[in-house]
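K.L.:
Take this sequence and fold it.
(chains A, B and C)
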Amino acid sequence: MTNLEKYKKIFIDTFNIDESKLDSLEYNTITEWDSIGHMTLIAALEEQFKITMETDDVIDLSSFKKGKQILKEKYKLEI
Amino acid sequence: MNIDEKNIKTWSTIGPRATLGIVALELAKEIDNLMVLTCDVSTSAGLDRYRKTYPEKYLDLGIAEQNMIGVAAGLASENFNVITTTFAPFQTMRCCEQIKVNLGYMGQKICMVGIASGLALGTLGYTHCCIEDIGVLRSIPEITIISPADSLETVKALQAAVKFNKPTYIRLTGSANNPIVYKKDYNFEIGKSITLKEGKDISIFSSGSMVYKSLEAAKILESKNISTKVVNMHTIKPIDKAAILKACDSKLIVSIEEHNIVGGLGSAIAECKALLSKSPKQLFIGVQDRYSKGGSYKFLLEKNRLTSEKIVEDIFEEFNK
Amino acid sequence: MEVCEIMTESAEIKKIKNFSLNVRKNILEMAVSAGASSAHFGGALSITEIVSTLFAHHLRIDKNNPNWEDRDRFILSKGHACLAYYAALCEIGYISKDELKTFEKDDTNLLGHPVINRKLGIDFSNGSLGMGLSLGIGVAISSKKKKKDFNIYVIIGDGECNEGSVWEAAMAAPNFKLNNLYAIIDKNNFQQTGSNKEIMDVDSLKDKWTSFGWHCKEVDGHNIQELHNFFLESQKINKPKAIIANTVKGKGFSFSENNNAWHHSVLTKSFYEKALNELKKNYN
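P.N.:
Okay, the predicted model is just below:
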């Protein structure tokens, strides 16, 4: 499984959402991605990629796309 | 709601308040006459999703805690299973007389959940911290008081409280990334303490956020070959007298709480111990009956000597007197 | 199960009047038997017609079963006026005449403020002012959720309206559209140590409750016809309903009317005799 596949799987499992919807997915646009869902997502990302995210990044991570960018730039992961 | 490693990790990360929101969602599935009431703190109590999913089992009374307890008692008198929740100081002290009359005296069964108790919201000042809630409620008969040690115990406590036949107060301490005390499911019984670690020289009794700190402190004390027992007193009232009696063969009893040392767990233990003709000395670790300058949670724990290092220092000094 | 049917106009009013006479008699019995421990006399007499209009007619209750699920609920938020409440429960048959005599005696079920005892028809403990309307909201919401159509009647004192919690509840009820909730404010113009004006003026109560979103009317709290008409007409109004009942504290006896000393005091034998004579004169 590539990092991208792992990244996608986390979103799909956490929000039980269909892969086709990932690219346009944003925070608070679906009921699952509310404040609780967001923290569950962060916990899963940290667990999967063995990182601890800074508060700013946790807050900035407001969409599927933005998440990839943050993980690439701030945490040196190729996705 | 399966209690597995993944959930335990998630609940720990999201902290006790958000865990409350998740448990409420589960309870609403099992209990059809459940009613969750709050005072304009739905988001802070992790109830956003609950509110949207079960609008008919939810009431927001606005910033009016006295009214909330009265309404809750009215619902309970008509056999609804009621949970109320707001920030701990407002959930307990703002409506204290309604709690006495409606829950203690009249016996209406309600589960009150005080969120962000202790020092977690230190940056907001002591208006939003709560170091007095146990002391205040302990003097009202018939109210059971529980302080869960971590997010999993928050789940267990809520599940037990809604089935319990008496009014309860659940005090949530700690915040997001709440350290994990229980790595897997276990048997939780209201009123029965849990010995997490055996030890002969010292017996530590703690509850809420201080349980994890007590385990850390015990490790360090063991390295100084002081054999230390750690007991999770999740239920502060009614207190587990048997556990206190058993601990009387140790040389020192230590109570540790993120609460004023006046009126809290330490006082409850001392009251019980005082009935014995002979019992070991007690060291009260907690907020030393004063308000202080505010600051982060970490800062306030440090200032009140509630970090594992400071706890070890104080115990070590007392033990070697 | 005998439910109060709607009878001809004057017969109803006569029935309620007779009920209120017996309530006053029962109040006298309890007050004199309380003796030195004294009783809250004035505030019970000011709600006597209100309580009688409810218990003799408008409250849907089952005389054989105080716990009938569909009964209308009654909450005495000004709990210290319980002499009138116990007197009415006795008239209904939930409390025996003998038990009335145990009022404020050791180990009694009938203390100076109501203590929950559903066998006797006492649905809630009251006595701490400002709490009853909140209980009423909880019950009113329950009624809606259970798809029942029973009503809830809460009697509140004018002095009691000094409590902030009353206004928390007053603000909440219209938000929840509780058209099955009645708040009856006993405006007898006095509170514990003086008149409302001396202590804390609660004037323009009608404007206050109306502005909070209640359907509100001012009535003569001792005029059974006016009370009766209000309860009939307001049934179809889709808001919580408030009555400002203008009353006389100590109503029914010359020595206690508008005499705040009778807020809480001892009914001696001589006052008891005097009161009984006045009852006979006025009511026959």
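
K.L.:
Contacts for the biggest helix by length in chain A, please.
P.N.:
In chain A, assigned by DSSP state H, the helix with the most residues is helix A:35-49. Residues external to helix A:35-49 that are found in contact with it (CB atoms under 8 Å, 6 or more residues apart in numbering or on different chains): A:3, A:6-7, A:10-11, A:13-15, A:27, A:33, A:51-53, A:58, A:61, A:67, A:71, A:75, A:77, B:9-10, B:13-15, B:18, B:21-22, B:43, B:46, B:48-49, B:176. Just so you know, the C-beta spots here come from the backbone N, C-alpha and C atoms, and that holds for glycine as well.

K.L.:
can you tell me the residue of the stretch 51-200 of chain C closest to chain B?
P.N.:
Minimum separation of the stretch 51-200 of chain C from chain B (CB to the nearest CB) falls at C:Gly138, amounting to 1.8 Å.

K.L.:
so what's that residue up against?
P.N.:
If a contact means CB under 8 Å, 6+ apart, then C:Gly138 has B:70-78 as its contacts.

K.L.:
likewise B:Thr307?
P.N.:
Shown in contact with B:Thr307 (CB under 8 Å, 6+ apart): B:213, B:301.

K.L.:
same question for the helix or strand harbouring C:Asn282, mean pLDDT?
P.N.:
C:Asn282 belongs to helix C:269-283 when assigned by DSSP states H and E. Regarding helix C:269-283, the rounded mean pLDDT is 92.

K.L.:
follow-up on the earlier one: excluding covalently adjacent residues, which one is nearest to the residue of the stretch 51-200 of chain C closest to chain B?
P.N.:
Nearest residue to C:Gly138, sequence neighbours excluded (CB to CB, 6 or more residues apart in numbering or on different chains): B:Gly74, at 1.8 Å.

K.L.:
what two of the contacts of C:Gly138 are the furthest from one another?
P.N.:
Greatest spatial distance among these (CB to CB): B:Gly70 and B:Glu78, at 13.4 Å.

K.L.:
Using the three-state scheme, assign B:Leu37.
P.N.:
Recorded secondary structure, B:Leu37: strand (DSSP: H, G, I helix; E, B strand; the rest coil).

K.L.:
residues touching whichever residue of the stretch 51-200 of chain C sits closest to chain A, list them.
P.N.:
Relative to chain A, the nearest point of the stretch 51-200 of chain C is C:Lys145 (23.9 Å; CB to the nearest CB). Residues in contact with C:Lys145, defined by CB under 8 Å, 6+ apart, are B:56, B:80.

K.L.:
and if you look at C:Gln225?
P.N.:
Contacts of C:Gln225 (CB under 8 Å, 6+ apart): C:Ile13.

K.L.:
Would stretch B:77-86 count as contacting chain A?
P.N.:
No: judged by CB under 8 Å from any CB of the partner chain, stretch B:77-86 makes no contact with chain A; its nearest approach is 14.9 Å.

K.L.:
anything in that stretch near chain C?
P.N.:
Yes: under the criterion of CB under 8 Å from any CB, chain C is reached by stretch B:77-86 at B:77-78, B:80.

K.L.:
Is the helix or strand bottoming out on mean pLDDT in chain A in proximity to chain B?
P.N.:
Lowest on mean pLDDT, DSSP states H and E among the helices and strands of chain A sits helix A:55-60, with a mean of 86. No: applying CB under 8 Å from any CB, one finds helix A:55-60 separated from chain B by no less than 9.7 Å.

K.L.:
rewinding a little: give me the subset of the contacts of helix A:35-49 lying in helices.
P.N.:
Checked against DSSP H, those include these in helices: A:3, A:6-7, A:10-11, A:13-15, A:58, A:67, A:71, A:75, B:9-10, B:13-15, B:18, B:21-22, B:48-49.

K.L.:
quick revisit: which ChimeraX command selects the buried ones in the contacts of helix A:35-49?
P.N.:
Restricted to buried positions by 16 or more other CB atoms under 10 Å in any protein chain shown, the ChimeraX selection for those reads:
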select /A:7,10,11,14,15,27,33,53,58,61,67,71,75,77 /B:9,10,13,14,15,18,21,22,46,48,49,176
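
K.L.:
Go back to the contacts of helix A:35-49 and keep what's next to chain C.
P.N.:
Of the contacts of helix A:35-49, not one also sits near chain C (CB under 8 Å from any CB).

K.L.:
If you count surrounding residues, which of B:Gly70 and B:Glu78 has more?
P.N.:
B:Gly70 (31 against 20; other CB atoms under 10 Å in any protein chain shown).

K.L.:
then the host helix or strand of B:Ala217 to PDB, C-alphas only?
P.N.:
Element membership of B:Ala217, judged by DSSP H and E, is helix B:210-223. What follows is helix B:210-223, C-alpha atoms only, in PDB (Å, rounded to 0.1, in the frame of the first residue of the first chain):
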ATOM      1  CA  MET B 210      -4.600  12.000  38.800                       C
ATOM      2  CA  VAL B 211      -4.800   8.200  38.500                       C
ATOM      3  CA  TYR B 212      -2.400   8.200  35.500                       C
ATOM      4  CA  LYS B 213       0.000  10.600  37.400                       C
ATOM      5  CA  SER B 214      -0.200   8.300  40.400                       C
ATOM      6  CA  LEU B 215       0.900   5.300  38.300                       C
ATOM      7  CA  GLU B 216       3.800   7.400  37.000                       C
ATOM      8  CA  ALA B 217       4.800   8.500  40.500                       C
ATOM      9  CA  ALA B 218       4.600   4.900  41.800                       C
ATOM     10  CA  LYS B 219       7.100   3.800  39.100                       C
ATOM     11  CA  ILE B 220       9.600   6.400  40.300                       C
ATOM     12  CA  LEU B 221       9.000   5.600  43.900                       C
ATOM     13  CA  GLU B 222       9.600   1.900  43.200                       C
ATOM     14  CA  SER B 223      12.900   2.800  41.700                       C
END
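
K.L.:
Which strands and helices lie in contact with that helix?
P.N.:
If you count contacts as 3 or more CB pairs under 8 Å, 6 or more residues apart in numbering or on different chains; DSSP states H and E, helix B:210-223 packs onto strand B:194-197, strand B:202-206, strand B:228-232, strand B:252-260, helix B:308-319.

K.L.:
And the contacts of it?
P.N.:
Taking CB under 8 Å, 6+ apart as the rule, helix B:210-223 contacts B:149-150, B:173, B:179-181, B:196-197, B:199, B:202, B:204, B:206, B:228-230, B:232, B:256-258, B:285, B:306-309, B:311-312, B:315-316.

K.L.:
Now the buried members of those residues.
P.N.:
Buried members of the contacts of helix B:210-223, counted by 16+ other CB under 10 Å: B:149-150, B:173, B:180-181, B:196-197, B:199, B:202, B:204, B:206, B:228-230, B:232, B:256-258, B:285, B:306-308, B:311-312, B:315.

K.L.:
how much space between A:Glu19 and A:Leu77?
P.N.:
20 Å (CB to CB, to the nearest Å).

K.L.:
And C:Val266, by the same measure?
P.N.:
Distance from C:Val266 to A:Leu77, by CB to CB: 85 Å.
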